[in-house]
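1. please find the sequence and the predicted model below.
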Amino acid sequence: MKFSGPLTPAKGPSSLSLAIDKRNPALPGLMELCRSGTRIEKLVFAESSEMERHPQEHGPRPADIPAYYEYSLNQVRLACPVVDGAPEQAIGLHFDSIEWLNYKPQPEPRPLITQSARLPAAPRSGTSRAFVVSWFAPIADSKADQCPRMNRKPTQDEYFALMSPTRAAEQRAALSGKGGANTTVLPFRGPDEMNVTMLPGIVADPGHAEPVAATVRGFDLDGDDGSGPPPSRTRAHRNFVSPDGRKGIDNQLFVIQGCVAGWRRDGFLPMIGNELRRAGGLSILVEVSGIDDDRNDDDVAVTILYSADPMRRDGTSKNVLPDFTFRVNGDPEFSQDFARFKGRIVNGVVTTDMLDKLVMHEGPATTWTLAEAKMRIEFTQSGGMSATLGGYRDWREYLAAAFFRSSDYENTIGFNTPAMYNAVRRAADGLKNPQTEEFEGISAAYEIEGIAAYIPPEQQVRLKAGGRYEFANK
């Protein structure tokens, strides 16, 4: 619940590194200025205040913070190292001074104040079934042999590849007793030792391994099965078939993550994230209410809530005990993102209408947004549930969290940042920006498993009525 100001220096001289798509019509003029050595007296730069935030920050942008920070860079000298095969051109802006035009530097992040979400009322009749989520992860698995090859982390040779022979020799000598280029140094493998974790398009695309599969869980988000030209708001992409036979499944995030070892079901990130949740982290609650008939009901509500109460286990790390009570968390950090879907039950399967925006808290420090979200829930014989959540992730928000401004995840999860960046941009298939005509969303689906749980009766009554909820955490 904070809003940080930009990382931009408050005063100069300093430098700014950026990347421009080589197809951009403005690039030839910039390159000519660069080659001629022309000094630019004044250059105005703008950056998104939302995208500049730390990936773990959450909460609404204050009204007095502009959508884009603007700066005047004065007496600018350009550096434009060219890398053959790179999709983007690296630009170094070296300036003598900087002037902030529409915002003043702030010494500390600003604490945010918000309020609980306003939920529509749930159906008055019927019963409710509540679950605490014991497993939550992106769907990255279709079959055991889906990957002809797995993605890999960057090599030591990549770190030295764009250096001059002299500079490479210096760095090899400096790092020889330290195990080579570690995760602190490794990002600086771009031209002029620019950071490819921050500017992953400025080197040639190493190539991203993708899974080979036809059956994948998810949703038909765009109403198109891929057999003809795509709708105008959708980029042409591979469509899948769901295990139950539904066609036109859109899940491009599976294409990205399906051959990254650390994102598979038994990979590092899902395993540690779900263990932290089961070991006392933030509890996600899913409630299906208004159930008049477990098999067929044309009006139910599906609500996503959060609780500070921990799950209980049987002494093992995996087995969560059922039928415990979880109080709904009244902290606005979480209650602002309570969400309710309108749904129905057909042949025992709960499906929901689309929700324009859903903000998910996987944990206290892992929060992200899903647009055009849908859910599909099946009740299990053991009294639990198995569900799929789908929609579009903003690919920029997704990569900001995946890269986390460092090279650590490249090594622990197993991918190459420039390769994944280019793959995600190619895979983006939705949320077309009408101004830029760029696709800013990538279709995604998540698997959810839940154990039977209870919500206190007095809280259930208030939740069913609709409105805002101010529950005391006690």
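-> Yep, that arrived.

2. name the element the residue nearest to Val302 when sequence neighbours are not counted belongs to?
-> In this structure, Val302 finds its nearest non-sequential neighbour in Phe341, 4.3 Å apart by Cβ to Cβ, 6 or more residues apart in numbering. Quick note: C-beta positions are derived from backbone N, CA and C, even for glycine. Using DSSP states H and E, Phe341 falls within strand 339-346.

3. next up, the contacts around the closest residue to Gly414 other than its chain neighbours.
-> Setting aside the residues directly before and after it, Gly414 is nearest to Ala261 in space (Cβ to Cβ, 6+ apart), at 4.5 Å. Neighbouring residues of Ala261 by Cβ atoms under 8 Å, 6 or more residues apart in numbering: Met150, Asn151, Gly267, Phe268, Ile413, Gly414.

4. distance of the residue nearest to the third one when sequence neighbours are not counted relative to Trp135?
-> In this case it means Gly267. Among residues not flanking Gly267 along the chain, Ala261 sits closest, at 5.5 Å (Cβ to Cβ, 6+ apart). As for Ala261, its distance to Trp135 is 18 Å (criterion: Cβ to Cβ, to the nearest Å).

5. next: Met354.
-> Taking Cβ to Cβ as the measure, Met354 falls 24 Å from Trp135.

6. then Leu282?
-> Distance from Leu282 to Trp135, by Cβ to Cβ: 14 Å.

7. what do you get for Val203?
-> Val203 is 37 Å from Trp135, by Cβ to Cβ.

8. swap in Arg246?
-> Distance of Arg246 to Trp135, given as Cβ to Cβ: 22 Å.

9. more crowded one of the two?
-> The neighbour comparison of Arg246 against Trp135 (other Cβ atoms under 10 Å) goes to Trp135, with 19 against 15.

10. partner residues bridging that one?
-> Legend: beta-bridge partners of Trp135 under DSSP bridges are Glu449.

11. do I have it right that it meets Ala387?
-> No: using Cβ atoms under 8 Å, Trp135 makes no contact with Ala387, being 10.1 Å away.

12. for these two, list the residues in contact with both.
-> Contact criterion Cβ under 8 Å, 6+ apart; residues shared by Trp135 and Ala387: Glu447, Ile448, Glu449.

13. what score does the second one have for pLDDT?
-> When you say that, I think you mean Ile448. Predicted confidence (pLDDT) for Ile448: 98.

14. measure how buried it is and give me the count.
-> Residues near Ile448, counting by other Cβ under 10 Å: 21.

15. now it: how far from Arg77?
-> 53 Å.

16. please apply the same query to the first one.
-> Note on Glu447: its distance to Arg77, by Cβ to Cβ, is 51 Å.

17. now do the end-to-end distance for stretch 333-341.
-> 20 Å (Cα to Cα, to the nearest Å).

18. what does the average pLDDT come to for it?
-> What stretch 333-341 shows for mean pLDDT is 94.

19. could you number the chain from 3 rather than 1 from now on?
-> Sure, I'll start counting at 3 from here, so that last one is stretch 335-343.

20. what residues sit buried inside that stretch?
-> Buried residues in stretch 335-343, counted by 16 or more other Cβ atoms under 10 Å: Glu335, Phe336, Ser337, Gln338, Asp339, Phe340, Ala341, Arg342, Phe343.

21. swap in stretch 151-160?
-> In stretch 151-160, counting by 16+ other Cβ under 10 Å, buried: Asn153, Arg154, Lys155, Pro156, Glu160.
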